[in-house]
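>>> Structure here, sequence nowhere to be found:
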Ligand code: SF4
């Protein structure tokens, strides 16, 4: 089982090896590999520090994100879009099929990057 903040479903979808630090990217790479190899991995949604945050330089000593207000808002938006409760549990293969798009992430500093990937994929006919 893997705990994920709801908005990290989107971060994983658009992740292309860029991140906040080398340790953050190494952890993201490992998580992406795991989900790719085991799409039946159970994901437990969790509106707090998760498997991705634990290697992030923006995770504070008290266990909160440095941009907690913004990230909590992103979590709320994703949950509303998915119409799921905050503690939903599903297999990764089911989550990865939800039609979430980067337009949902206004305010995130990575949004332009994710939108550019979405655009490239649309041009090449690939699914994001
Ligand atoms: S600590 Fe904050 S910035 Fe870092 S991965 Fe978690 S939610 Fe994102």
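Arrived safely, thanks for sending. Just so it is clear, the structure is predicted and the values come from calculations on it, not from any experiment. Numbers count the residues shown, from 1 in each chain.
>>> need the helices for this structure, in chain order.
Shown for the chain, the helices assigned by DSSP state H span residues 8-14, 22-37, 68-82, 92-95, 111-124.
>>> Which among those is found nearest to the ligand?
helix 68-82 (4.0 Å; Cβ to the nearest ligand atom). To be clear about C-beta, it is placed using only N, CA and C from the backbone, and glycine gets the same treatment.
>>> hmm, the closest one in reach of the ligand?
Yes: Helix 68-82 comes into contact with the ligand (Cβ under 6 Å from any ligand atom), by way of residue 71.
>>> May I see the buried residues of stretch 103-115?
Taking 16 or more other Cβ atoms under 10 Å as the basis for neighbour counts, the residues of stretch 103-115 that come out buried are 104-105, 108, 110-111, 114.
>>> Please tabulate these in JSON lines, including the columns pLDDT.
Written out in JSON lines, the entries for those read as follows (pLDDT from 0 to 100):
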{"residue": "104", "pLDDT": "95"}
{"residue": "105", "pLDDT": "95"}
{"residue": "108", "pLDDT": "95"}
{"residue": "110", "pLDDT": "96"}
{"residue": "111", "pLDDT": "96"}
{"residue": "114", "pLDDT": "96"}
